[in-house]
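Student: one predicted model, sequence on top.
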Amino acid sequence: MPLYNTDPETLLKEVQFHPFRGGGPGGQNRNKVESAVRLVHLPSGITVVASEHRFQGRNRDLALQRLRRKLIGLNHTVRPRIPTKPSRASREKRMEQKRRQARKKALRRIVDGSCP
């Protein structure tokens with residue numbers, strides 16, 4: 001998995017910018033003005049949309065922030081888990097809990113009378 005660059009200057013060069021008219025409530029301003037923004041990050045193929053604000057510049061900044069957050073999430077590598085053996089104390093504790101539960105169930109069977 002490649003690591004993606006997240007600094008704003010490089011990000012602006014790698015992004016395709018598409019303004020469009022935002023849908024939903026908002027009346028004449030919303031229907032006439034192309035203030036919503038869609039950014040497509042070409043190296044990764046991630047698409048981000050922002051249409052909350054009335055101005056295209058604010059929406060573009062918001063979309064860039066969202067894209068940076070997504071790329072930072074993609075850049076994060078999960079360290080492999082190192083398997084460990086359970087300690088002797090934890091094994092003994094687990095076995096004691098199992099024995100205790102078995103005794104409870106055995107007592108239930110004797111009270112019910114279903115067991116000979």
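Tutor: That came in fine, so what should we check first?

Student: and the longest helix along the chain, what does it pack onto?
Tutor: The longest helix of the chain (DSSP state H) is helix 88-112. If you count contacts as 3 or more C-beta pairs under 8 Å, 6 or more residues apart in numbering; DSSP states H and E, helix 88-112 packs onto no helix or strand. Backbone N, C-alpha and C define where each C-beta goes, glycine included.

Student: what's the mean pLDDT across it?
Tutor: Throughout helix 88-112, pLDDT has a mean value of 91.

Student: now the helix-or-strand element of the chain with minimal mean pLDDT: buried residues?
Tutor: When each helix and strand of the chain is scored by mean pLDDT, DSSP states H and E, helix 27-32 comes last, with a mean of 80. By 16 or more other C-beta atoms under 10 Å, the buried positions in helix 27-32 come out as R30.

Student: what strand or helix carries the most centrally placed residue in the chain?
Tutor: When C-alpha atoms, centre = their mean is applied to the chain, the residue found nearest the centroid is G73 (8.2 Å). Element membership for G73 (DSSP states H and E) is helix 56-75.

Student: re the thing from before, using CSV, write out every CA atom in the least confident helix or strand of the chain.
Tutor: What follows is helix 27-32 as a C-alpha-only set of coordinates in CSV (Å, rounded to 0.1, in the frame of the first residue of the first chain):
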residue,chain,number,x,y,z
GLY,A,27,-34.0,28.1,-2.3
GLN,A,28,-32.8,30.3,-5.1
ASN,A,29,-29.2,30.7,-4.0
ARG,A,30,-28.8,27.0,-3.6
ASN,A,31,-30.3,26.3,-7.0
LYS,A,32,-28.5,28.9,-9.0
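
Student: and the helix or strand following that helix, which strands flank it?
Tutor: Using DSSP H and E, the next helix or strand after helix 27-32 towards the C-terminus is strand 36-41. Using DSSP bridges, the strands paired with strand 36-41 are strand 15-20 (antiparallel), strand 47-50 (antiparallel).
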